[in-house]
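[1] For reference, the sequence and a predicted model appear below.
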Amino acid sequence: MNGSTAKFDPLEPARISSLPPTFYYIPNFITAEEEVSILQKIPAQRWVTLSHRRLQAHPSTLTKNNTLLGAHLPPYLVNPVIDRFRTLEIFKDTPHKQPNHVLINEYKPGEGIMPHEDGGAYAHVVATVSLGAPICLEITQKPSSNETDGVSSNDQSIGSDEALAKVEDSTRNTTMEGEVQDVANTLNQQSVPQYKYPTRILQEPRSLLLTTGPAYRDLLHGISPVEVDEDLNAETVANWNLLAEPHVFEEAGGRNERGTRISLTYRDVLKVSSAANKVLGGLGKR
Ligand SMILES: O=C(O)CCC(=O)C(=O)O
Ligand SMILES: [Fe+2]
């Protein structure tokens, strides 16, 4: 016993066990009051409108070479969320030990984001707080390298959200649904046979989804641009057993009529400019 190094992992009960390591889902990570308060503080003038969603980056967008120039995150993005990350040690292994960048995405019914990976600009931990309405995140494997077409792991250009936005804009005339299906169709030729793809993670408002390690590196994620997520049940939704209110979807016949859903994606950008380093210097252990 005394020689054992086994350590209780506070996140283990939240692990989505039907998916490869490591996704975690925590329902009701924030309260309804906190949700309202954050929604009210998102600045209306900062939105950048894309073809299938709108977004804003805090404290700023990354430079062309994926460097963060900004300094502090605004207080409404820090409290209470980042304090709770600290308690759960979510960013303990990333270079700055805490997130320094938040991308806010908004999806109206019928909007989505093409399958992609988040790439090399960030440490391999993304913490997503969902606000407003439920939505399904689709998880797919990467296409094999000769079929990549813009979503390759080796394509660092997809490593920033701005680059992804460009790819999305250049494909604005193709149907998003088609893209999701194309990527999905290249699956099943890949390894990791014990997991089923594509699969979905249902994100309820106020929940936290963590995507870390191989789940960050080896898989694609996207959101279908549909008005209704259908056929939601324990077989088709990877985190069904972790949902706060599965009965809501059961009672609706396995349907989720999309509302406006806003996500806050917290990340640790690896490269921070020297000017910003001075500001963050007291926080990082370098
Ligand atoms: O809104 C989401 O949950 C996903 C957003 C996303 O994948 C991204 O911003 O890279
Ligand atoms: Fe992403």
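    Thanks, I have the structure now. Residues are numbered from 1 along each chain as shown. Ligands and ions are numbered 1, 2, ... in the order given.
[2] Okay, now the unreliable bits of this protein?
    Low-confidence segments of the chain (pLDDT under 70): 1-6, 70, 145-193, 275-286.
[3] Any idea which residue of it lies closest to ligand 1?
    Proximity of the chain to ligand 1 (C-beta to the nearest ligand atom) peaks at S263, 3.4 Å away. (Each C-beta comes from the backbone N, C-alpha and C, glycine too.)
[4] Name the strands paired with the strand or helix carrying that residue and say parallel or antiparallel.
    According to DSSP states H and E, S263 maps onto strand 261-267. In the sheet, strand 261-267 lines up against strand 101-107 (antiparallel), strand 125-131 (antiparallel) (DSSP bridges).
[5] I'd like those as a markdown table, with distance to ligand 1 and mean neighbour count appended.
    Converted to a markdown table, these look like this (distance: least, C-beta to the nearest ligand atom, whole Å; neighbours: other C-beta atoms under 10 Å):
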| stretch | distance to ligand 1 | mean neighbour count |
| --- | --- | --- |
| strand 101-107 | 4 | 21 |
| strand 125-131 | 5 | 23 |
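[6] so can I have JSON lines of the ones you listed showing distance to L55?
    Listed next are these as JSON lines, based on distance: least, C-beta to C-beta, whole Å:
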{"stretch": "strand 101-107", "distance to L55": "5"}
{"stretch": "strand 125-131", "distance to L55": "13"}
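[7] so V102 touches A57, yeah?
    Yes - using C-beta atoms under 8 Å, V102 is in contact with A57, at 7.5 Å.
[8] Distance from the strand holding S263 to the middle of the chain?
    Relative to the chain's own centre, strand 261-267 is displaced by 7 Å; criterion: C-alpha atoms, centre = their mean, to the nearest Å.
[9] Over to stretch 202-211?
    9 Å.
[10] try stretch 211-230
    8 Å.
[11] so where do the helices sit in the stretch 1-150 of the chain?
    For the stretch 1-150 of the chain, helices defined by DSSP state H, counting those that start in this stretch occupy the ranges 32-41, 75-78, 81-87.
[12] No further queries at this time; thank you.
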